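Trainee: need a 3D model of the following:
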Amino acid sequence: MKKIRIGENISGVAPFSLGGNVFGWTLDEEKSFEILDAYVEAGYNFIDTADIYSYWINGGGGGESETIIGKWMKARGNRDKIIIATKVGGETGEHGIDASRNHILETVEKSLKRLQTDYIDLYYLHFDDGTTPVEETLSAFDELVKSGKVKEIGVSNISPERLKESLEFSDKNNLAKYQALQPLYNLVERKGYETDYAPIVAEHGLTVFPYYALAAGFLTGKYRSENDFSKSPRGQGAAKYLNEQGLNILKALDQIAAKHHSVPAAVALAWLSAQPNIGGPIASATSKEQLTEILSSSSLNLDSADMQLLDKVSQ
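Mentor: Okay, here's the model as predicted:
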């Protein structure tokens, strides 16, 4: 497995990130531990979570996912072998989107406590509020990097204009700079990222870890009719993809999966991994079987005919 780097301070990262949004939501602590154990046993080390996961369960402040991951690392004694990405700034039942200095500096302490660690490998601004000056947000992150509480910083939901402004401000003022971008990007939603963000990514050498890599499960192929959306708590999130283009993409995924003796989810993730500047997709699993399927994408090499077909049906 070819490992990747994130910025100057994080190396040896597996090219796949396990999504922690299901921990404490659709998976209880025991099941979460089972998935985390299986993930590490398969040779992977990169886990993605956020301070707000999963506030929607009880309308509170979140932190359930970080707490479970922290307990797991403590129980296994493996913190030094794990790359943890978490996020700050998202909305919960207790506060709105907030990219302010005070919020970042207060919230990081809560995340560190829940994760039972004294540092975060990759700390994302989860949502940009669009009003806090970029210099305020970046100065707070710079403080965390210089203190050793954070190794590298990244950003997720931010406008192209604010992203560019942030990167240029860091360069000009020698502050910690976003090294990773976590955008919405998958086979059924390409245009936004490829048009608005990919040029900025290439210019500044960012490493990209797409979320919604399987389009809320649609690209696994399990949602092929209206009746299928009741199969899982997340099913309705995939409903908008059930159209002519979506079905054509599923047909292509089926064809390529059969050719490689694989599954549609692995093909979709392998396509994503093959795009420029992608460090690895982010995907979650609620069973060991699902985990095995999505991890198989790391060793699936699509040929030019496969890539051309997927490009054709997804444009």
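
Trainee: which residue ranges form the helices in the protein?
Mentor: With DSSP state H applied, the chain shows helices at 29-41, 64-76, 101-115, 134-147, 160-173, 191-192, 198-204, 244-260, 264-273, 288-295, 304-314, listed in chain order.

Trainee: out of these, deepest packed?
Mentor: helix 264-273 (a mean of 26; mean count of other CB atoms under 10 Å). Yep, even glycine has a C-beta here, placed from its N, CA and C like the rest.

Trainee: need the contact partners of that one.
Mentor: Residues from elsewhere that reach helix 264-273, judged by CB atoms under 8 Å, 6 or more residues apart in numbering: 15-16, 185-187, 210, 213-214, 219-221, 250, 253-254, 256-257, 260, 278, 280-281, 283, 290, 293-294, 296-298, 300-302, 306-307, 310.

Trainee: what's the average pLDDT for that helix?
Mentor: For helix 264-273, the mean per-residue pLDDT is 98.

Trainee: so Pro183 is in contact with Tyr193, correct?
Mentor: Yes - using CB atoms under 8 Å, Pro183 is in contact with Tyr193, at 4.9 Å.

Trainee: what residue ranges in the stretch 101-250 of the chain score low on pLDDT?
Mentor: For the stretch 101-250 of the chain, applying pLDDT under 70 flags the ranges 228-229, 231-235.

Trainee: now with 50, please.
Mentor: Of all residues in the stretch 101-250 of the chain, none has pLDDT under 50.

Trainee: count of neighbours near Ala176?
Mentor: Other residues near Ala176 number 21, with proximity taken as other CB atoms under 10 Å.

Trainee: next, it: phi, psi?
Mentor: phi -50, psi 140 (degrees, to the nearest 10).

Trainee: ok, back up a step: tell me, what's touching Pro183 and Tyr193 both at once?
Mentor: Common neighbours of Pro183 and Tyr193 (CB under 8 Å, 6+ apart) are Pro210.

Trainee: of these two, who's got more company?
Mentor: Counting neighbours by other CB under 10 Å for Pro183 and for Tyr193 shows that Pro183 has the greater number, 24 against 18.

Trainee: for that one, give its distance to Leu295.
Mentor: With distances taken as CB to CB, to the nearest Å, Pro183 is found 22 Å from Leu295.

Trainee: ok, now Ala266?
Mentor: Noted for Ala266: a distance of 8 Å to Leu295, by CB to CB.

Trainee: contact partners for the nearest residue to Asn78 once chain neighbours are set aside?
Mentor: Nearest residue to Asn78, sequence neighbours excluded (CB to CB, 6 or more residues apart in numbering): Val40, at 7.0 Å. If you count contacts by CB under 8 Å, 6+ apart, Val40 has them with 76, 78, 81-82.

Trainee: and if you look at Gly20?
Mentor: By CB under 8 Å, 6+ apart, the contact set of Gly20 is 47-50, 53, 65-66, 68-69, 284.

Trainee: between the residues you listed, which is nearest Ser111?
Mentor: In terms of CB to CB, no member of the contacts of Gly20 lies closer to Ser111 than Glu66, at 5.7 Å.

Trainee: so the closest one touches Leu115, yeah?
Mentor: Yes - under the criterion of CB under 8 Å, Glu66 makes contact with Leu115 at 5.3 Å.

Trainee: identify the contacts common to the two.
Mentor: Joint contacts of Glu66 and Leu115 (CB under 8 Å, 6+ apart) are Thr86.

Trainee: hey, what's the closest residue to Leu144 other than its chain neighbours bridged with?
Mentor: The spatially closest residue to Leu144, leaving aside those adjacent along the chain, is Val150, at 4.1 Å (CB to CB, 6+ apart). Under DSSP bridges, the beta-bridge partners of Val150 are Ile120.

Trainee: tell me how far Glu244 lies from Asp306.
Mentor: Distance of Glu244 to Asp306, computed by CB to CB: 21 Å.

Trainee: one more: Gly217?
Mentor: Noted for Gly217: a distance of 22 Å to Asp306, by CB to CB.
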